[in-house]
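> Fold the stuff below for me.
(one chain, ligands or ions: 1)
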Amino acid sequence: MIALACDHTGMEMKAQLAAMLEEMGLPWKDYGCYEMNRDDDYPVFGYRAAKAVADGECDRAILVCGTGVGIGIAASKVKGIRACICSDVYSAELSKRHNDSNVLAMGARVVGTEVAKMIARHWLTAEFEGGRHQRRVDMITAIENGEAL
Ligand code: RB5
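You can find the predicted model right below:
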């Protein structure tokens, strides 16, 4: 299950990503926002989708705000979440292969819809490589747990 979320800037892109997931045969769940309101707050929706991943209700999340930055930062504050804020295919794919990212955040004001779909497709089909990368991901988890490196 893929969690989707956005603020008002990302509603159209989120709809396009949902359609792409349908085509890929991947189930998805929408964690908002559900209506155009420029006073909405991206941390709310980023948090809800990230929490669904952290709690195991969803496998991954794809988030959209204006830049992808705010909603990505908010998601990464949830324990267990490693969000990548990406506007290119290479970073998105490597964020999965090397960093085991479980959240992808993109900016609707930064990338076009077709680029966002291509980024998401690469990210969704990439696999974590483990090995030496696991050691580094474990270090990130240690930081999250308040340990010193
Ligand atoms: C909303 O105007 C904008 O700040 C938000 O979508 C996002 O870009 C924040 O990081």
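
> low-scoring stretches of this protein, by residue?
The chain contains no residues with pLDDT under 70.

> which bits of it sit near the ligand?
Neighbours of the ligand within the chain, by CB under 6 Å from any ligand atom: 7, 9, 42, 65-67, 69-70. In short, each C-beta sits where N, CA and C put it, glycine included.

> which among those end up buried?
Applying 16 or more other CB atoms under 10 Å to the residues of the chain next to the ligand, the neighbour count classes 7, 9, 42, 65-67, 70 as buried.

> now Q134: how far from I143?
For Q134, the distance to I143 equals 15 Å [CB to CB, to the nearest Å].

> Next: I85.
To I143, I85 is 18 Å away according to CB to CB.

> ok, the two, which is more surrounded?
With neighbours defined as other CB atoms under 10 Å, I85 and I143 compare such that I85 has more, 25 against 10.

> Name the nearest residue to I143, ignoring sequence neighbours.
Excluding the flanking residues, the one nearest I143 by CB to CB, 6 or more residues apart in numbering is L149, at 6.7 Å.

> before we move on, back to that, in JSON lines: the buried ones among the residues of the chain next to the ligand, plus secondary structure.
Listed next are these as JSON lines, based on DSSP: H, G, I helix; E, B strand; the rest coil:
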{"residue": "D7", "secondary structure": "coil"}
{"residue": "T9", "secondary structure": "helix"}
{"residue": "Y42", "secondary structure": "helix"}
{"residue": "C65", "secondary structure": "strand"}
{"residue": "G66", "secondary structure": "coil"}
{"residue": "T67", "secondary structure": "coil"}
{"residue": "G70", "secondary structure": "helix"}
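
> Is A3 bridged to anything, and to what?
K29, A61 (DSSP bridges).

> wait, what's in contact with it?
The neighbours of A3, taking CB atoms under 8 Å, 6 or more residues apart in numbering as the test, are 28-29, 31, 49-50, 52-53, 57-58, 60-62.

> mind listing the helices for the protein?
According to DSSP state H, the chain carries its helices in the segments 11-24, 42-54, 69-76, 89-97, 113-125, 132-144.

> between the ones you listed, which gets nearest to V103?
Closest approach to V103 among those (CB to CB): helix 69-76, 4.8 Å.

> Which residues belonging to that closest one are considered buried?
Buried-residue list, helix 69-76, by 16+ other CB under 10 Å: 70-76.

> I appreciate the help and will end here.
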